[in-house]
Structure formats: structure tokens, C-alpha cells
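1. structure for this input, please:
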Amino acid sequence: MKAKPFIIALALCVSFGARTTGEPLRESAASPVVAADRLDDASSDGDAFAAVGDFAWRAFIALNWPAARDAAARGAPDRAKTLDDPGPRVWETFKSAAETFPVGADGRRSAAAPWGGFAGPNPCGGVNHEKTIAAFKPFAEFNQPSFSTDAPANPLVAQNGEYVRYEVRFNALEFATIVAKGWSEGRNLPDAEHPAHFPAGSIAVKAAWRPLNASDTPAVRARYYVARAAIVDVASSLAAGRVVCTQRDVALVGLHIVIKTKTKPQGIWTSFEHVDNVPPSGAGMAREPDAVNAQAPYGFFDPTRAAKLSPPFGAAETLPIDQTNPPKRAPAAMQIVRRHPINAALMAKNRDYWVQADIKETVWRHYMLVAAQWPTSSDPPGPDNDGAYFPGRSEPSRDESYTSSAAVQENLVNTTMETYLQEAPSSCMACHQAASNRGGFDFVGTLANIR
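-> This is a model prediction of the structure:
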């Protein structure tokens with residue numbers, strides 16, 4: 001799942017007038033439902049994996065519902081549409097990290113535009129009402145996170161020779177909280193003595209996008225949710241000596257969703273991937289779909305090469321991308337595998353949702369819940385409480401890193417976002433505890449990155 005700190009910044013859900021997708025339905029997890037509204041919480045009693053699985057899928061569906069097009073209704077679904085209808089999804093109308101933490105031409109932070117507005121600087125020099133997957137810090141969107149907020153980790157190159165790009169989005173309440181506190185401008189930042197607090201209902205999403213090119217056939221494209229976005233053009237940027245963006249089609253290959261709830265203030269952490277990313281690693285009921293059976297290529301694996309992570313972490317190809325180590329014009333594809341199987345209960349939940357009438361004929365049937373983690377200790381909320389997360393922590397000390405031998409046997413990593421963190425036990429919440437919550441940032445790693 002999400003094992004590095006600055007990858008996810010919590011965002012919060014609120015209703016402005018009409019009910020938004022972030023406004024929860026007060027019902028318990030039950031049989032699969034395809035609707036524009038999510039569940040408000042997940043029970044830890046009984047079959048917690050099943051409850052969290054329902055919670056995760058309901059959130060995934062609600063956040064991927066076609067969005068209302070009125071700027072004033074950012075973050076709200078278009079209830080006249082179905083899940084299969086075209087158009088930007090609800091989460092894509094949340095505020096981007098660039099809109100939330102704008103940087104002016106002079107390099108200084110500036111005030112963020114109101115929730116319903118699109119004013120303000122854009123990393124690609126364009127307009128914020130058009131999708132932009134880029135950062136004010138050149139090439140930052142090429143990198144996965146690391147265990148340190150001071151240094152990013154590796155890029156990821158797909159089999160089509162394209163660098164994966166990453167974006168973070170915040171919904172209305174998180175955005176409003178950040179702006180009201182002055183944090184968007186780098187003022188009054190919280191610390192361990194004066195910690196941040198984001199209310200229940202907070203939602204953040206982080207997406208992994210694979211740019212498409214001529215090697216991606218119409219049949220391949222049809223299996224993905226595809227958006228049009230301004231992204232950094234590697235060749236043009238290197239030739240010009242400055243960041244140059246172009247409009248490209250990009251395919252969604254991974255999506256992290258983190259939601260704070262009333263009973264789980266440290267958040268419920270869930271992660272989805274496209275089923276064609278890598279070969280299946282599980283067996284029996286834990287086995288994932290195999291792209292081979294659909295006569296589709298893997299996005300990040302070449303069947304003619306050895307089935308192991310390559311290049312090894314620490315190799316030149318995995319060094320962070322920045323201005324001193326710019327992206328290559330023609331990078332070599334990385335060989336990616338999933339090292340640990342997805343939890344069988346989560347795979348069962350995937351199968352429950354894939355057969356639903358409003359999903360089985362859509363691109364969303366090609367996405368699966370690959371990991372989930374949640375707190376088991378809600379009090380006291382604050383920098384010293386990591387939530388006693390599960391799966392993951394078997395030791396009583398909250399200062400211990402992920403050590404659960406049981407959890408090591410199942411997946412807690414998204415192959416498109418923490419590719420090389422599969423080599424050692426990994427944990428979303430442990431990472432965010434160490435890198436952000438312990439510093440008073442309420443598990444929101446982005447706040448720790450703007451000092």
C-alpha cells in the first residue's frame with residue numbers, strides 16, 4: 001500500500017449545499033452496492049476484512065463517479081449519470097496539491113484560490129480547470145515517496161517506455177482546513193506540541209498514471225480509465241532546458257484512498273490497482289486475474305524476462321528524478337512483480353463487486369483492491385498514537401516499525417506506488433506515523449513536505 005510518508009496527504013470530505021460524494025451514508029457494510037455515496041465507517045467487529053473491503057469499494061465507486069461539472073460543486077457527483085458515463089471523476093475535481101500549495105513566479109508560496117475557483121499558478125503554465133499532472137518542483141511527480149520527507153525515492157518506467165506520473169488531490173474539507181490554518185502558504189505549521197487535527201470524513205487520494213503511446217492499442221486502452229492531462233514532456237524539456245508540458249492520454253494504474261472516520265481517526269487506508277499491472281502472485285482464492293487470460297499485455301512486466309524486480313533498488317535507474325538527474329528520453333522498462341499475495345478476503349470482495357451489473361461491463365471491473373490497513377486504537381488521537389494499525393503491528397510499542405510476521409505474508413504494497421518497498425515489510429500507517437504524524441501532521445505527509 002502506501003509505505004512512504006509523503007505520498008498521501010489526508011483530505012477531507014464535506015457537503016456544500018447539495019450532498020457530495022464525501023457525505024457518507026449512515027449504514028453498515030452489507031452486500032455490494034454501486035452508488036454515488038460511500039459508507040461513513042467500517043466496523044472492526046466480526047469479519048473486519050469484509051467490512052473494510054465493502055468500505056473501500058464503496059469509496060472507490062463514489063470517488064470514481066462522474067463529477068458535477070459546475071465549478072461551485074467541485075467534489076460532488078453528477079447524480080444524473082451512471083458509473084459508466086464519461087467525464088472527469090469526483091476525485092479528479094478535488095483540489096490538486098499544486099492548487100492547494102500554490103507557488104508564484106517568484107518561487108514564493110501564494111494564497112490558494114477558493115474551493116470553487118480555478119485561479120492561481122499552474123506548474124505547466126496552463127489553467128487549473130484543465131487536468132495537470134505536474135509539480136512546481138521540477139520532475140517531482142516522477143518519483144515515488146521514501147521514508148524521508150527530505151528525499152524522494154525511485155521513478156517507475158512501464159513496459160511502454162513511459163515514466164509513471166503521480167498526483168495527490170484534497171477534497172473540500174481538507175482543503176478548507178489547510179487554507180484556514182495558513183498551512184497552504186507555509187504559515188503556522190503544526191508540530192508535535194501543537195498538532196494538526198483533521199476531522200472525521202477526511203479523504204485524500206493519490207493516483208498513479210501511465211502515459212499512453214503508439215504501442216498501446218485501442219484494445220489495451222479500452223481496459224483502463226483514460227484521462228487527458230498536461231504532463232511534462234521529457235524530450236522537449238531536455239531540449240529546451242526547462243519544463244515543457246504537452247497534452248497526453250494517461251491511463252489510471254493505481255489509486256490510494258485514505259479516509260478518516262469517527263471510530264478510526266488515524267484513517268482507513270486502502271489501495272487499488274489495475275489488474276493488468278503485473279502477473280498474479282496469489283493462489284486459490286487469493287489469486288488475482290491474469291492479463292494473459294484476457295490476451296492483454298502486462299503494464300509493468302515482460303513475460304520473456306526473469307520474474308523478479310529489476311533493476312535492483314539502488315541502481316542508477318532507480319535514483320530519484322530531479323534537475324540534477326533528469327528523466328531520460330528513452331528509459332528502459334522496469335520488470336515488476338508482486339512479492340506477496342493479496343489478502344484472500346479482499347480478493348473475495350473484489351469478485352463480489354466485479355459481477356455487479358453496473359460494474360461488470362465497465363472499465364472499473366479491471367481494478368482491484370490490493371491492500372487495506374486500519375487503526376485498532378483510536379485514543380488518544382495525536383502524535384504519540386499510531387492507531388495500533390492492523391494488519392502490521394504485532395509489538396506493543398507504538399514506536400516499533402512494521403514487524404508483524406503474519407502481515408508479511410500478504411500484500412500491503414501497491415506495485416505502482418511502492419514498487420521497491422516489497423523487498424522488506426512495509427506499512428502505510430507506520431511510515432506516515434514516523435514521517436508525519438509523529439511531527440504533529442496528523443498522518444498528512446504533504447504538510448511535512450512544505451517546510
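2. point me to the helix or strand that includes Asp191.
-> Using DSSP states H and E, Asp191 sits within no helix or strand.
3. I'd assumed Arg438 was in contact with it.
-> No. The pair Asp191 / Arg438 is not scored as a contact, 10.4 Å apart, by CB atoms under 8 Å. Just so you know, the C-beta spots here come from the backbone N, C-alpha and C atoms, and that holds for glycine as well.
4. compare those two (neighbour count), which wins?
-> In this view Asp191 and Arg438 are compared by other CB atoms under 10 Å, and Arg438 has more residues nearby, 19 against 11.
5. Gln159 contacts Phe301, correct?
-> Yes. Checked against CB under 8 Å, the pair Gln159 and Phe301 is within contact range at 7.0 Å.
6. looking at the two, which one has more neighbours?
-> Phe301 (23 against 18).
7. quick check: closest non-adjacent residue to that one.
-> Val278 (5.0 Å; CB to CB, 6 or more residues apart in numbering).
8. need the three-state assignment for the one you found.
-> coil (DSSP: H, G, I helix; E, B strand; the rest coil).
9. now do the same contact list for Arg74.
-> For Arg74, the contact set (CB atoms under 8 Å, 6 or more residues apart in numbering) comprises 67-68, 93-95, 115-116, 172.
10. for Trp374, same thing?
-> 42, 44, 48, 52, 264, 267-269, 387, 389-390.
11. in a markdown table: those, plus secondary structure and pLDDT.
-> Below are the contacts of Trp374 laid out as a markdown table (DSSP: H, G, I helix; E, B strand; the rest coil; pLDDT from 0 to 100):
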| residue | secondary structure | pLDDT |
| --- | --- | --- |
| Ala42 | coil | 94 |
| Ser44 | coil | 78 |
| Ala48 | helix | 89 |
| Val52 | helix | 96 |
| Lys264 | coil | 95 |
| Gly267 | coil | 94 |
| Ile268 | strand | 96 |
| Trp269 | strand | 96 |
| Gly387 | coil | 91 |
| Tyr389 | coil | 90 |
| Phe390 | strand | 90 |
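12. could you give the mean pLDDT of the longest strand along the chain?
-> Secondary structure of the chain read by DSSP state E shows that its longest strand is strand 245-259. Taken as a whole, strand 245-259 has a mean pLDDT of 98.
13. ok, stretch 122-138 next?
-> pLDDT averaged over stretch 122-138 gives 95.
14. and for stretch 337-354?
-> Mean predicted lDDT for stretch 337-354 stands at 95.
15. may I see the buried residues of it?
-> 337-347, 349-350, 353-354 (16 or more other CB atoms under 10 Å).
16. the helix or strand hosting Ser271 - contacts with which helices or strands?
-> Assessed by DSSP H and E, Ser271 sits inside strand 268-274. The contact analysis (3 or more CB pairs under 8 Å, 6 or more residues apart in numbering; DSSP states H and E) places strand 268-274 against helix 48-63, strand 245-259, strand 367-373, helix 428-435.
17. let's see 6 Å
-> If you count contacts as 3 or more CB pairs under 6 Å, 6 or more residues apart in numbering; DSSP states H and E, strand 268-274 packs onto strand 245-259, strand 367-373.
18. would you map the strands across this structure?
-> Secondary structure of the chain by DSSP E: the strands cover 95-96, 132-133, 165-170, 203-211, 226-232, 245-259, 268-274, 367-373.
19. the second one pairs with which strands, and in what direction?
-> Paired neighbours of strand 132-133 in the sheet (DSSP bridges): strand 226-232 (parallel).
20. how far does the strand it pairs with sit from its chain's centre?
-> Relative to its parent chain, strand 226-232 has a centroid offset of 17 Å by CA atoms, centre = their mean, to the nearest Å.
21. mean confidence for it?
-> 98.
22. re earlier: and of the strands of the chain, who's closest to Asn325?
-> strand 226-232 (14.4 Å; CB to CB).
23. list the contacts of the strand holding Ser271.
-> The contact list for strand 268-274 (CB atoms under 6 Å, 6 or more residues apart in numbering) reads 1, 42, 56, 60, 253-259, 366-367, 369-374, 414, 428.
24. what packs against the longest strand of the chain?
-> Short answer (3+ CB pairs under 6 Å, 6+ apart): strand 245-259 packs on strand 203-211, strand 226-232, strand 268-274.
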